[in-house]
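*Asks:* Here you go, sequence then predicted model.
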Amino acid sequence: QLQLVESGGGLVQAGDSLRLSCAASGRTFSSYAVGWFRQAPGKERESVATITWSGNRTYYANSVRGRFTISRDNAKNTVSLQMNSLERRDTAVYYCAAKLSRALWTTPGPFEHWGQGTLVTVSS
């Protein structure tokens, strides 16, 4: 079973940057596509960014493209989400998820393994 643990959330002001990390254990992480998703209070879980097993392809939601960057280090079993120019609308619980696949997946439904989430709060 693959275990995922997110870290790096917190309270920041609008315009600030934050870096989230997802640490994996229990399986060969390099075989998994990975994504970051978020869920704000009262809203459905939505995609933020995803990355293929090799890191050669990425997907970004329109709302974060140009501000967020997803990356992975398979040697360290980690995936990161660099978030710049944060806005109040970015406030949410951010989840890391993984799917055993070599394809690029862009929606949360197909992902099989999920972390517990880390809260990001952006104040004005």
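*Replies:* Nice, thanks for sending it over.
*Asks:* Figure out how far stretch 25-42 is from the centre of its chain.
*Replies:* 6 Å (C-alpha atoms, centre = their mean, to the nearest Å).
*Asks:* Enumerate the positions of that stretch that are buried.
*Replies:* Going by neighbour count (16 or more other C-beta atoms under 10 Å), the buried part of stretch 25-42 is 29, 32-38. C-beta coordinates here come from the backbone N, C-alpha and C atoms, glycine included.
*Asks:* Next, the spatially most central residue of the chain: phi, psi?
*Replies:* Computing the C-alpha centroid of the chain and ranking residues by C-alpha atoms, centre = their mean puts residue 36 first, at 2.1 Å. Phi and psi for residue 36, reported as degrees, to the nearest 10, are phi -110, psi 130.
*Asks:* With residue 30 instead?
*Replies:* Backbone geometry at residue 30, expressed as degrees, to the nearest 10, gives phi -70, psi -10.
*Asks:* Wait, residue 51 touches residue 57, no?
*Replies:* Yes. The criterion here is C-beta atoms under 8 Å, and residue 51 meets it with residue 57 at 7.2 Å.
*Asks:* Lovely, talk soon.
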